[in-house]
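**Student:** Provide a 3D model corresponding to the input given below.
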Amino acid sequence: MSKRNSAAAKTAARERLRVEREKQAKRAKAKRQLIVAGSIVAVLAAAGGIGYAVVQSNKPAHWESVKSEKLVKPANTSGENGTTVVIGKASAKKTLAMYEDPRCPICAQFEQTVGPTVDKDVADGKYKIQYVGATFLDDKLTGEGSKNGLSALGAALNVSPEAFLEYKSAMYSKKYHPDETDDKFKDDAYLIKVADTVPALKGNTKFQTAVKNGTFDKWALLMSEKFDTDSKKYNIQGTPSLVMDGKLVNGANGSAPMTVADYETAMAAALKG
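**Tutor:** Here you go, the predicted model:
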């Protein structure tokens, strides 16, 4: 091989090496740019996620935000906030105030055992019933079933007093009342399922819409506030509690009567007072 050819070969080799090095340098630069860009995107995404989380954490919870909403009172109520719910014949001289929490298992037991007697007495005009709903179990056990259940009862009351009483009985029934630790009443679909056992509420789109939209959510909160106020006034320690003429109506055990016989004895005494 001549010196000329040898020199040319070396030059060509050096050129190929230079070109290859440039290609590698470009690939390395592009890779670095992608890494930097990816890091920036990740940081921005993280920042955005944190920002979103902060916004969400600062956003009022539903039941907290309900406090500032406009009050919608159910039909068949009276009083400034619609929290006076009295059911029965106008001719009945006395009124029995009944305090219950939708999630309360003892309330369910009371309704299943004594409820039919209460309904018959009211229908016979022995006395009227004033219903006061409580939601303290939501705070005690965490959840929202008491509030949501009370709101649904407001939707039933908006249909009719009779629908309200039947729906309340269905909610407390053995078939549909959940364990107090099971926050089942927070589910609108479940509340509507229970309502479908009540003729006046079955397939009732107005009732269902009110439940889904939380039309009576604020009313439920105000009703719960009434329970809190009355609890202090009458020394109510839990639910169910019964009050007539400003006095607790208790059974032989010193709390709400839980059998028909005990209830009838307690009510006979209360009605004479």
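**Student:** Determine how far stretch 117-131 lies from the middle of the whole chain.
**Tutor:** 29 Å (Cα atoms, centre = their mean, to the nearest Å).
**Student:** Just the C-alphas of it, formatted as PDB.
**Tutor:** Listed next in PDB are the C-alpha coordinates belonging to stretch 117-131 (Å, rounded to 0.1, in the frame of the first residue of the first chain):
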ATOM      1  CA  THR A 117     -99.300   0.400  69.600                       C
ATOM      2  CA  VAL A 118     -98.200   4.000  69.300                       C
ATOM      3  CA  ASP A 119     -99.600   4.200  65.700                       C
ATOM      4  CA  LYS A 120    -103.000   2.800  67.000                       C
ATOM      5  CA  ASP A 121    -103.200   5.200  69.900                       C
ATOM      6  CA  VAL A 122    -102.500   8.100  67.600                       C
ATOM      7  CA  ALA A 123    -105.100   6.800  65.100                       C
ATOM      8  CA  ASP A 124    -107.600   6.500  67.900                       C
ATOM      9  CA  GLY A 125    -107.000  10.000  69.000                       C
ATOM     10  CA  LYS A 126    -105.500   9.200  72.500                       C
ATOM     11  CA  TYR A 127    -102.700  11.700  71.800                       C
ATOM     12  CA  LYS A 128    -100.700  13.300  69.000                       C
ATOM     13  CA  ILE A 129     -97.100  12.500  68.200                       C
ATOM     14  CA  GLN A 130     -94.400  15.100  67.900                       C
ATOM     15  CA  TYR A 131     -91.400  13.600  66.100                       C
END
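**Student:** residues of it that come out buried?
**Tutor:** Of all the residues in stretch 117-131, those buried under the rule 16 or more other Cβ atoms under 10 Å are Val118, Asp119, Asp121, Val122, Lys126, Tyr127, Lys128, Ile129, Gln130, Tyr131. Just so you know, the C-beta spots here come from the backbone N, C-alpha and C atoms, and that holds for glycine as well.
**Student:** Quick one: low-confidence residue ranges for the stretch 1-150 of the chain.
**Tutor:** Applying pLDDT under 70 to the predicted model, the residue ranges of the stretch 1-150 of the chain that meet it are 1-60.
**Student:** Enumerate every residue touching Gln112.
**Tutor:** For Gln112, the set of contacting residues under the criterion of Cβ atoms under 8 Å, 6 or more residues apart in numbering consists of Tyr172, Ser173, Lys174.
**Student:** and it, that's in a strand?
**Tutor:** No - going by DSSP: H, G, I helix; E, B strand; the rest coil, the assignment for Gln112 is helix, not a strand.
**Student:** on that earlier part again, dump the buried residues of stretch 117-131 to a markdown table, plus secondary structure and distance to Lys94.
**Tutor:** Rendered in a markdown table, the data for these read as follows (DSSP: H, G, I helix; E, B strand; the rest coil; distance: Cβ to Cβ, whole Å):
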| residue | secondary structure | distance to Lys94 |
| --- | --- | --- |
| Val118 | helix | 13 |
| Asp119 | helix | 16 |
| Asp121 | helix | 11 |
| Val122 | helix | 11 |
| Lys126 | coil | 8 |
| Tyr127 | coil | 5 |
| Lys128 | strand | 7 |
| Ile129 | strand | 10 |
| Gln130 | strand | 10 |
| Tyr131 | strand | 15 |
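**Student:** ok so, going back, pick the one among the contacts of Gln112 closest to Ala270.
**Tutor:** For Ala270, the closest of the contacts of Gln112 turns out to be Tyr172, at 22.3 Å, with distances computed as Cβ to Cβ.
**Student:** how many other residues sit next to the closest residue to the closest one other than its chain neighbours?
**Tutor:** Closest residue to Tyr172 in three dimensions, ignoring its sequence neighbours and counting by Cβ to Cβ, 6 or more residues apart in numbering: Glu111, at 3.7 Å. Glu111 has 23 neighbouring residues, counting by other Cβ atoms under 10 Å.
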